[in-house]
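**Student:** below is the structure, and that's it, no one-letter string:
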């Protein structure tokens, strides 16, 4: 029992110490924002500052690295914004149908006509009897409620699970 009380007291003291350090760090940050000196609490306590050995030496700075970083930062932000807006399924379908001239009718029955995946993921039968990946046909139905079967052009009205 005394051993547990000792451990609990140590935990309480460490949590209090951690909270006090956080408060001092915050106060140091606010003071730094006003004065511009001592960026960290350790620097403030030890009075450490960056001082040049010789004041009158001209300093030449190359901003190539900084410019490159800014360009990449802007590019990644743009791509982070753009990527959710791109429908890769539509691009792949367009590429397969228009550029490679793969018609959904020419694909084997074991291949999904939407994504060209073989084997299909969770195969489902449409009302016309053709089988497609569940996610492919469900997304296509959500995008276009009057969806036609890619293989026979019949309007898709129902889906049933196709257990092999």
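**Tutor:** Received it, and whenever you're ready, just let me know what you need. Note that the structure is a prediction, hence the values are computed from the model and not measured.
**Student:** buried residues in the longest helix seen in the chain, which are they?
**Tutor:** Longest helix in the chain, counting residues (DSSP state H): helix 2-35. Neighbour-count burial for helix 2-35, counted by 16 or more other C-beta atoms under 10 Å, picks out 28, 32. Glycine gets a C-beta too; all of them are placed from N, C-alpha and C.
**Student:** and that helix, what does it pack against?
**Tutor:** Judged by 3 or more C-beta pairs under 8 Å, 6 or more residues apart in numbering; DSSP states H and E, helix 2-35 is in contact with helix 41-46.
**Student:** circling back: pLDDT averaged over the longest helix of the chain - what is it?
**Tutor:** For helix 2-35, mean pLDDT rounds to 90.
**Student:** how far does it sit from the chain's center?
**Tutor:** Put simply, helix 2-35 sits 34 Å off its chain's centre (C-alpha atoms, centre = their mean, to the nearest Å).
**Student:** let the chain start at 28 from now.
**Tutor:** Right, with 28 as the first residue, what we last looked at is helix 29-62.
**Student:** just the helices in this structure please.
**Tutor:** Using DSSP H, the helices of the chain run over 29-62, 68-73, 91-109, 115-121, 161-170.
**Student:** can you put the ones you listed in a markdown table and add distance to residue 188?
**Tutor:** Converted to a markdown table, these look like this (distance: least, C-beta to C-beta, whole Å):
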| stretch | distance to residue 188 |
| --- | --- |
| helix 29-62 | 54 |
| helix 68-73 | 62 |
| helix 91-109 | 36 |
| helix 115-121 | 22 |
| helix 161-170 | 8 |
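**Student:** tell me which of those sits nearest to residue 152.
**Tutor:** Between residue 152 and these, the tightest spacing by C-beta to C-beta is seen for helix 161-170, at 9.7 Å.
**Student:** list of residues touching that closest one?
**Tutor:** With C-beta atoms under 8 Å, 6 or more residues apart in numbering as the test, helix 161-170 has contacts from 116, 139, 141-142, 144, 148-151, 153, 174, 183, 186, 188.
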